[in-house]
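Undergrad: Need coordinates for the following:
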Amino acid sequence: MKFFFPDSQDQVDPSFDFTTEQSPEFRVRQRDDRYAHEVLRRQAYDGLLVSKPIVDGFSGVGGKYTLAQRHRLYRLGVRGFFRLDQPHWSIRTMGDCGAFTYVREPTPPYSVEEVVDFYDGCGFDFGVSVDHVILGYDPTNTSDHVSQWRDRQQLTLDLAADFVRSAANRRVRFVPVGVAQGWSPKSYAAAVDVLQRIGYAYIALGGMVSLKTPQIEECLEAVAAVRHRGVSLHLLGVTRLAHVTKFASYGVISFDSTSPFRQAFKDDTDNYYTRERNFVAIRVPQTEGNPRVKSLIRAGRLDNDKARDAEQQCMKRLGDFDRRSCNLTSVLEALARYSSLIEPDRDRTPQYADFLESAPWRDCDCGICEKAGIQVAIFRGTERNKRRGFHNLHVFSERLSAVTGSERLEQAQVLV
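TA: Now for the predicted structure:
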């Protein structure tokens, strides 16, 4: 099972100073900052997925790339831009249209030719056809939205036919990937059947992010009944680690997800991964940089000097604890004091004690924890949070290998 990590221009500054909370004065982000595959000791994902809306935006909606970054991507190509051409890496690239970003639009904001230009011009290995997401699930076909869903499905199939035709006429270098959108097992199977007849050997199933696992399995079972021998499936945005072996039995060879990374700073409890379990990260928000804390100070509900002193005590004792010059009780007291000021209704002391006693970063060999130490365990600012997210990608890859077997990097013929 291949894992593609979606790009959102997430990088870390290897020269960031955790004491001063600053980057070097002459730091240039594109030149100096590093992607996950550049700082992790082992390859954590099999491919990068890059969405056109993230790069270019659409209809007045800006992307996440600056003008300089867009020009650099188009000039160097996707492999040069992400610095992927290294002898010890085997990372493939996939481009898609990021249909969730324009789900409220009546039609996709890109033409087939624009998308083919993007994929071929940037040198992607795989290119996903233009699609329109269907947000809904109704196996009974009784929803008032079924008519609209049918229109979106047909539009997606028409665009897929145009896409593969354009790719063939232009003799592109990427492998076309057709998208199947549906709202039920039967409708997904019907879409896959059409895409196969169009000529696709690699088909992505979209719109499944919000579905429950049994619903996904129902759809995959229906698709498996019509899937031709040699046709492979990709799940767009779906991460269900405990079920990947079952998914593979239906013909799924790859998936993409940001969940392991985003949980580092978006989840309430599962922030730091280990092979056995997840831990809650230690929250020490910056009094001068955290919007919620600044809001409390401006509203007069929090004394700035008192909060700043409590914050500094937390950081000092955490650092001392990592150097083994401060005991656990002292750290927990400092954390409880700061937490009582900024989050009086929430006591995370038991979870913090559990994490600090285990101190899993001390034994982690991801390539980040050895350098950052306890800093990777602290929920505080983008440099720490993204490092923790990169660490999670490393652990997620190990978990995936444990579930699917170490041969997962060799199993999908279409990706070789």
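
Undergrad: what mean pLDDT does stretch 221-233 have?
TA: The pLDDT scores in stretch 221-233 average 97.

Undergrad: Can you give the contact residues for that stretch?
TA: Here stretch 221-233 makes contact (C-beta atoms under 8 Å, 6 or more residues apart in numbering) with 180, 185-186, 188-189, 192-193, 196, 200-205, 220, 250-254, 412-414. Where you see a C-beta, it was placed from the backbone N, CA and C, and this is true even at glycine.

Undergrad: Not counting sequence-adjacent ones, nearest residue to the residue positioned nearest the centre of the chain?
TA: Central residue of the chain (C-alpha atoms, centre = their mean): Thr258, 1.6 Å from the mean position. Residue nearest to Thr258 in three dimensions, not counting chain neighbours: Pro6, with 5.2 Å by C-beta to C-beta, 6 or more residues apart in numbering.

Undergrad: can you give me the end-to-end distance of stretch 5-25?
TA: 31 Å (C-alpha to C-alpha, to the nearest Å).

Undergrad: Show me the helices in the stretch 251-400 of the chain, by range?
TA: 259-266, 291-298, 304-322, 328-342, 349-358, 369-372, 381-404 (DSSP state H, counting those that start in this stretch).

Undergrad: Compare the ones you listed and give me the one nearest Val209.
TA: helix 259-266 (9.9 Å; C-beta to C-beta).

Undergrad: How far does the closest one sit from its chain's centre?
TA: Averaged C-alpha coordinates place helix 259-266 at 8 Å from its chain's average position (C-alpha atoms, centre = their mean, to the nearest Å).

Undergrad: Residues contacting that helix, please?
TA: 5, 10, 36, 239, 270-273, 278, 281, 379, 385-386, 388-393, 395-396.

Undergrad: Just want to check the distance between Ala190 and Tyr200.
TA: Separation of Ala190 from Tyr200 (C-beta to C-beta, to the nearest Å) stands at 14 Å.

Undergrad: related to what we said a few turns ago, least confident of the helices of the stretch 251-400 of the chain, on average?
TA: Taking the mean pLDDT of these, helix 291-298 comes last: a mean of 88.

Undergrad: tilt between that one and helix 304-322?
TA: If you take axes from the mean of the first three to the mean of the last three C-alpha atoms, to 10 degrees, helix 291-298 sits at 140 degrees to helix 304-322.

Undergrad: Verify the contact between Ser187 and Gln153 for me.
TA: Yes: contact status for Ser187 versus Gln153: in contact at 6.5 Å, counting by C-beta atoms under 8 Å.

Undergrad: tally of neighbours for Thr382?
TA: 15 (other C-beta atoms under 10 Å).

Undergrad: any idea how far it is from Asp125?
TA: On the measure of C-beta to C-beta, Thr382 and Asp125 end up 30 Å apart.

Undergrad: What of Val331?
TA: From Val331 to Asp125 the distance is 47 Å (C-beta to C-beta).

Undergrad: So the two - more neighbours on which side?
TA: Shown here are Val331 and Asp125; by other C-beta under 10 Å, Val331 has more neighbours (24 against 18).

Undergrad: what kind of secondary structure is Arg197 in?
TA: Following DSSP: H, G, I helix; E, B strand; the rest coil, Arg197 is assigned to helix.

Undergrad: Pick out whichever of Ala190 and Tyr200 has more residues nearby.
TA: Tyr200 (25 against 18).

Undergrad: From Phe118, how far off is the more buried one?
TA: 19 Å.

Undergrad: Let me see the contact set for the residue nearest to Pro360 when sequence neighbours are not counted.
TA: Using C-beta to C-beta, 6+ apart and skipping residues adjacent in sequence, the residue nearest Pro360 is Thr274, 4.8 Å away. Thr274 is in contact with 360, 364, 395, counting by C-beta under 8 Å, 6+ apart.

Undergrad: Tell me the pLDDT of Thr274.
TA: For Thr274, the model assigns a pLDDT of 98.

Undergrad: so how far is His37 from it?
TA: 21 Å.

Undergrad: Okay, domains of the chain per the record?
TA: Domains of the chain are assigned by automatic domain parsing as 46-257, 265-394.

Undergrad: Pro24 is nearest to which of those?
TA: domain 265-394 (12.5 Å).

Undergrad: and the end-to-end length of the closest one?
TA: 16 Å.

Undergrad: Same question for stretch 60-71.
TA: Terminal-residue distance, stretch 60-71 (C-alpha to C-alpha): 18 Å.

Undergrad: quick one: contacts of that stretch?
TA: Contacts for stretch 60-71 (C-beta under 8 Å, 6+ apart): 8-9, 30, 53-57, 73, 101.

Undergrad: quick one: contacts for Val78?
TA: 48, 50, 84, 93, 95, 122-124.

Undergrad: let me fix that: Cys366
TA: 40-42, 390-391, 394-395.

Undergrad: now swap in Leu84 and tell me
TA: With C-beta under 8 Å, 6+ apart, Leu84 has these contacts: 37, 48, 78, 91, 93.

Undergrad: Just send those back as a markdown table, with secondary structure and distance to Ala68 too.
TA: What follows is these, written out as a markdown table (DSSP: H, G, I helix; E, B strand; the rest coil; distance: C-beta to C-beta, whole Å):
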| residue | secondary structure | distance to Ala68 |
| --- | --- | --- |
| His37 | helix | 22 |
| Leu48 | strand | 20 |
| Val78 | helix | 16 |
| Ile91 | coil | 24 |
| Thr93 | strand | 21 |
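
Undergrad: tell me which of the residues you listed is nearest to Ser339?
TA: So of the contacts of Leu84, ranked by how close each gets to Ser339 (C-beta to C-beta), first place is His37, at 35.5 Å.

Undergrad: I figured that closest one was touching Trp89, is that so?
TA: Yes: judged on C-beta under 8 Å, His37 makes contact with Trp89 at a distance of 6.4 Å.
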